[in-house]
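>>> Predicted model follows, preceded by the sequence.
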Amino acid sequence: MSKAKKLRELFANEKIIRVVGAHNALSAKLVEGAGFDAVWSSGLEISTSFGVPDANILTMTDFLNVSSIMNEAVSIPIVADCDTGFGNSNNVIHMVKKYEAAGIAAVCLEDKYFPKVNSFIPGRQELASISEFVGKILAAKNAQLSKDFMVIARVEALIAGWGMDEALRRAGAYADAGADAILIHSKSKTIDEIAEFAKRWKNMSPLVVVPTTYCDVHIDDLSRINIKMVIYANQGIRASIKSMQEVLGRIHKDGTSRNIENHISTMEEVFCLQGMHKMKEDELVYSSTSDKIVAVIPAAGDHLEEYSMKDISKDIPITMLDINGKSLLQRQADILNRSKIYDIRVIGGYKKEKISVEGVKIIPNLEYETRGMIHSIMCALKDIKDSAFIIYGDTLFDYLLISKILNTRRDITLAVDTSNVIGDAGTGKKPELVLTDGPVKSRRRSLHQDSLHAVKDIGSSVKYAKDNLQFTGIMFLSQKGVEIFKKNYAKYEKEYARSKSPEAGTFCRMNLIDFLKKLHDSGYGIDCLYVNSGWMEIHSLDDYKLACSIFK
Ligand code: SPV
Ligand code: MG
């Protein structure tokens with residue numbers, strides 16, 4: 001529905017129409033947000049915002065530009081203050097064409113001489129002749145294309161001191177010429193003048209008022225005397241001037257903005273008004289090229305089995321472990337963001353309510369206590385159609401490792417470490433081992449010409465030996481890789497649901513490495529990217545201390 005039609009419907013409605021003045025997209029949005037019916041594109045406000053007098057100093061194009069910007073920013077109609085029409089009837093014809101084309105619902109013309117001066121400025125308030133102004137109304141109504149576009153005629157006789165009879169005579173002539181409504185303007189301190197006009201007008205056409213000087217009047221009183229539209233023309237800009245002056249004065253005086261912080265809008269409110277959140281949603285939908293990558297971080301389990309971390313990880317999931325002022329998850333997100341990966345989904349279970357990092361989505365896994373990590377991963381992966389990184393929740397890594405693995409572009413790629421595998425000594429977590437078709441001999445310093453090698457075996461069937469490779473907990477899946485994961489997970493789930501074999505129980509406790517082993521055994525190619533630095537896992541207190549010493 002056009003905005004002009006919307007405004008027509010408001011006029012057809014019983015209720016009084018409430019309109020507020022604005023001068024830019026932001027103030028128009030605030031008018032809409034406060035629940036008003038329409039925006040008054042105020043000549044006074046726009047002139048003030050440009051720092052010039054409200055006296056036809058700005059051009060029609062200046063006013064039209066602002067009106068259009070406001071119109072685009074809100075879904076309620078714009079009623080544009082067009083002063084005297086920016087010249088004679090020729091200018092009015094041009095003006096109506098332009099304003100209507102811009103989607104403005106109504107224009108308001110006042111019966112003063114060009115150049116006008118704001119109605120509240122004493123002295124020169126010169127009225128045009130009735131015939132000249134009637135000519136402008138006729139021109140305007142003739143120029144409009146749609147029947148819904150409205151032309152409001154503004155009577156300035158009371159402002160200019162020409163009396164009630166003259167005001168009524170003029171209003172009658174303008175209504176006869178086709179004006180859709182009459183704005184009867186008054187600078188009286190009380191409603192009496194307007195009430196007398198309204199009484200003698202006998203509702204011949206809808207009346208519009210601007211209660212700036214008679215601000216005591218209540219909307220119900222205006223309704224009672226048959227006013228159809230009320231325009232609070234300038235209260236918005238006056239509020240912002242006062243508020244900005246107070247805040248700026250205080251910052252200047254105090255030498256800090258601390259004291260006014262609670263009296264000003266939050267940055268979040270600013271972003272809301274910009275439409276930032278909608279933009280972010282759109283970005284996810286429309287900027288998802290084939291290059292889009294989602295990071296999935298399983299972090300549902302507790303770390304209580306590791307004795308040295310028992311006290312530290314009792315109240316928080318390991319992903320929220322504080323590493324010198326930033327959580328582990330935040331440090332992961334920072335590196336991923338640097339690699340242009342913004343869609344990060346962490347699977348939470350144990351103490352999941354404690355997980356909070358801006359921009360990171362939390363996906364709950366309620367079965368984390370009874371099921372293995374692959375189920376956690378699938379909680380997130382099931383909704384993903386793009387490529388995905390899978391990264392263990394207790395793993396830290398650097399930017400280079402992520403860029404390297406991104407360049408591989410295989411379907412399933414694991415980052416595996418070629419340096420000496422940290423053994424299964426004492427309480428340490430068992431390393432997840434991999435055998436590849438490449439050189440396996442560990443070395444401190446290495447240069448791999450081709451650092452991608454196919455998996456020959458993986459998981460618990462690989463015997464621990466010094467020169468085996470260790471899975472880092474960082475894996476990349478292409479779109480096809482994600483599909484392979486989803487398809488096979490669903491297949492195994494079905495198989496185990498039907499079978500009574502002891503393997504059914506192992507499916508429940510299946511970890512990522514077991515799942516990879518099954519994929520490998522079923523013939524899927526899994527590639528390993530050789531790395532020998534750039535990552536660490538935080539499993540024990542020593543690991544934690546080491547991480548804290550790295551991130552100063
Ligand atoms: C405006 O807002 O520009 C008006 C209303 O024309 S008034 O300032 O009251 O004249
Ligand atoms: Mg004005």
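Nice, thanks for sending it over. Ligands and ions are numbered 1, 2, ... in the order given.
>>> in the stretch 1-150 of the chain, which spans are helices?
Ranges of helices within the stretch 1-150 of the chain are 3-12, 25-33, 43-50, 60-73, 89-101, 130-143, based on DSSP state H, counting those that start in this stretch.
>>> And the stretch 401-550 of the chain, by the same measure?
Along the stretch 401-550 of the chain, counting by DSSP H, counting those that start in this stretch, helices occupy 479-498, 503-508, 512-521, 541-550.
>>> circling back: do you know which of the helices of the stretch 1-150 of the chain lies nearest ligand 1?
Closest of the helices of the stretch 1-150 of the chain to ligand 1 is helix 43-50, at 3.3 Å (criterion: CB to the nearest ligand atom). Where you see a C-beta, it was placed from the backbone N, CA and C, and this is true even at glycine.
>>> could you dump the closest one to PDB, C-alpha only?
Output of helix 43-50 as PDB, limited to C-alpha atoms (Å, rounded to 0.1, in the frame of the first residue of the first chain):
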ATOM      1  CA  GLY A  43      10.900  23.300   7.500                       C
ATOM      2  CA  LEU A  44      11.900  24.600  10.900                       C
ATOM      3  CA  GLU A  45      13.700  21.500  12.000                       C
ATOM      4  CA  ILE A  46      15.500  20.900   8.700                       C
ATOM      5  CA  SER A  47      16.600  24.500   8.500                       C
ATOM      6  CA  THR A  48      17.900  24.300  12.100                       C
ATOM      7  CA  SER A  49      19.700  21.100  11.300                       C
ATOM      8  CA  PHE A  50      21.500  22.900   8.400                       C
END
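>>> Can I get the helices of the stretch 1-150 of the chain in JSON lines including mean neighbour count and mean pLDDT?
Shown next, in JSON lines, are the helices of the stretch 1-150 of the chain (neighbours: other CB atoms under 10 Å; pLDDT from 0 to 100):
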{"stretch": "helix 3-12", "mean neighbour count": "17", "mean pLDDT": "98"}
{"stretch": "helix 25-33", "mean neighbour count": "19", "mean pLDDT": "98"}
{"stretch": "helix 43-50", "mean neighbour count": "21", "mean pLDDT": "98"}
{"stretch": "helix 60-73", "mean neighbour count": "19", "mean pLDDT": "98"}
{"stretch": "helix 89-101", "mean neighbour count": "19", "mean pLDDT": "98"}
{"stretch": "helix 130-143", "mean neighbour count": "19", "mean pLDDT": "98"}
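>>> can I get these in CSV with distance to ligand 2?
Output for the helices of the stretch 1-150 of the chain, formatted as CSV (distance: least, CB to the ion, whole Å):
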stretch, distance to ligand 2
helix 3-12, 19
helix 25-33, 15
helix 43-50, 3
helix 60-73, 10
helix 89-101, 14
helix 130-143, 16
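>>> how about a markdown table for those, with distance to Gln235 added?
Rendered in a markdown table, the data for those read as follows (distance: least, CB to CB, whole Å):
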| stretch | distance to Gln235 |
| --- | --- |
| helix 3-12 | 20 |
| helix 25-33 | 10 |
| helix 43-50 | 10 |
| helix 60-73 | 17 |
| helix 89-101 | 24 |
| helix 130-143 | 28 |
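>>> about what we covered before: of the helices of the stretch 401-550 of the chain, which approaches ligand 2 most closely?
helix 479-498 (58.3 Å; CB to the ion).
>>> Packing partners of that closest one?
Applying 3 or more CB pairs under 8 Å, 6 or more residues apart in numbering; DSSP states H and E, we find helix 479-498 packed against helix 373-381, strand 387-391, strand 412-417, helix 503-508, helix 512-521.
>>> Which of the ones you listed comes out lowest on mean pLDDT?
Of all the helices and strands packed on helix 479-498, the minimum mean pLDDT falls on helix 503-508 (a mean of 73).
>>> tally of neighbours for the closest residue to Tyr524 other than its chain neighbours?
Leaving aside its chain neighbours, Tyr524 sits nearest to Ile484 (6.0 Å; criterion: CB to CB, 6 or more residues apart in numbering). A count of nearby residues for Ile484, using other CB atoms under 10 Å, gives 19.
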